[in-house]
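Undergrad: One predicted model, sequence on top.
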Amino acid sequence: MRVLLNGERRDLAPDATVREAVTATGASSEGRGVAVALDGEVVPRRLWDEISLEEDQRVEVVRAVQGG
């Protein structure tokens with residue numbers, strides 16, 4: 001299945017979840033310091049394993065970083 005992950009077309013497994021999209025970006029799957037939006041809507045971390053992605057969905061994974 002293809003999704004738009006952080007602005008790039010990516011192939012994921014047909015039954016991929018939000019958590020699998022997070023790990024595909026290299027972010028920690030435990031979710032510390034990570035936020036996810038699916039088609040512009042924030043997805044609570046507790047739902048990452050429950051929500052399966054669909055073809056052509058937009059997934060944005062944002063990681064917090066320290067610095068200034």
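TA: In hand now; what should we look at?
Undergrad: Would you map the helices across the protein?
TA: Here the chain has its helices, by DSSP state H, at 18-24.
Undergrad: where does this structure dip in pLDDT?
TA: Flagging of the chain using pLDDT under 70 yields the residue ranges 68.
Undergrad: show me the contacts for the nearest residue to residue 34 once chain neighbours are set aside.
TA: Taking CB to CB, 6 or more residues apart in numbering as the measure, residue 34 lies nearest to residue 27, with 4.9 Å between them; neighbours along the chain are not counted. All C-beta atoms are positioned from the backbone trio N, CA, C, and that covers glycine. Residue 27 makes contact with 34, 61, 63, according to CB atoms under 8 Å, 6 or more residues apart in numbering.
Undergrad: repeat that for 10 Å
TA: Shown here is residue 27, whose contacts under the criterion CB atoms under 10 Å, 6 or more residues apart in numbering are 6, 21, 33-36, 61-63.
Undergrad: Same question for residue 3.
TA: 9-12, 16, 21, 24, 38, 53-59.
Undergrad: Which pair of those residues spans the longest distance?
TA: With distance counted by CB to CB, no two of the contacts of residue 3 lie farther apart than 11 and 38, which are 17.4 Å apart.
Undergrad: between those two, who's got more neighbours?
TA: Summary of the neighbour comparison: residue 11 and residue 38, criterion other CB atoms under 10 Å, with residue 38 having more neighbours (19 against 11).
Undergrad: quick one: the more buried one and residue 22 touch, right?
TA: No. Here residue 38 does not reach residue 22: they are 11.1 Å apart, not a contact under CB atoms under 10 Å.
Undergrad: So for the two, which residues contact both of them?
TA: In terms of CB under 10 Å, 6+ apart, residue 38 and residue 22 are both contacted by the residues 48, 59.
Undergrad: between the contacts of residue 27, which has the most around it?
TA: residue 21 (25 neighbours).
Undergrad: Report the separation between it and residue 48.
TA: As defined by CB to CB, to the nearest Å, residue 21 lies at a distance of 9 Å from residue 48.
Undergrad: Roughly how far does residue 15 sit from residue 21?
TA: With distances defined as CB to CB, the gap from residue 15 to residue 21 amounts to 12 Å.
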